[in-house]
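# Make a model of this:
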Amino acid sequence: MKHLVLISSVLLFIAAIPRTLNYQGKLTDSDGIGINDTLNITFKLYSVATEGTPLWTEEHSAENAVVVSKGLFSCLLYTSDAADEL
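Next up, the predicted model:
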């Protein structure tokens, strides 16, 4: 019975792990001043530093475009079905 409780607890813990990532950043103009805009941004994840092929890509555009206020933005990543491939 103790083993069953442990296995059940582990499964509940794994199910509770978030499947998204909150990504935050800052965008500035050439003078270093934070911009105010709503932008289409494509995020990509690579396995190498240069000349690699993306392992994962997610586009934020149209209704889920990224709002930038005073240069700061925050968005949820891994919200698409492509994240399941990782």
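# surely Tyr46 meets Thr57?
No - in this structure Tyr46 lies outside contact range of Thr57 using Cβ atoms under 8 Å: 10.1 Å. Quick note: C-beta positions are derived from backbone N, CA and C, even for glycine.
# CA atoms only for stretch 68-79, dumped as CSV, please.
The C-alpha trace of stretch 68-79 is given here as CSV (Å, rounded to 0.1, in the frame of the first residue of the first chain):
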residue,chain,number,x,y,z
VAL,A,68,5.7,46.2,-25.2
SER,A,69,5.3,49.0,-22.7
LYS,A,70,8.3,51.2,-21.8
GLY,A,71,10.4,48.6,-23.4
LEU,A,72,9.2,45.7,-21.2
PHE,A,73,7.3,42.7,-22.3
SER,A,74,6.2,39.4,-21.0
CYS,A,75,4.6,36.4,-22.8
LEU,A,76,3.9,32.7,-22.3
LEU,A,77,5.9,30.3,-24.5
TYR,A,78,5.2,26.7,-25.3
THR,A,79,1.5,27.4,-25.8
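# Could you pull out the buried residues of stretch 41-58?
Using 16 or more other Cβ atoms under 10 Å as the test for burial, stretch 41-58 gives Ile41, Phe43, Trp56, Glu58.
# is the third one in a bridge, and if so with what?
Read it as Trp56. Beta-bridge partners of Trp56, counted by DSSP bridges, are Leu45.
# Pretty sure it sits against Leu45.
Yes - assessed by Cβ under 8 Å, Trp56 is found in contact with Leu45 at 4.3 Å.
# so where do the strands sit in the chain?
21-26, 37-39, 41-45, 56-60, 66-68, 72-77 (DSSP state E).
# wait, Thr42 sits on Pro54?
No - using Cβ under 8 Å, Thr42 makes no contact with Pro54, being 9.5 Å away.
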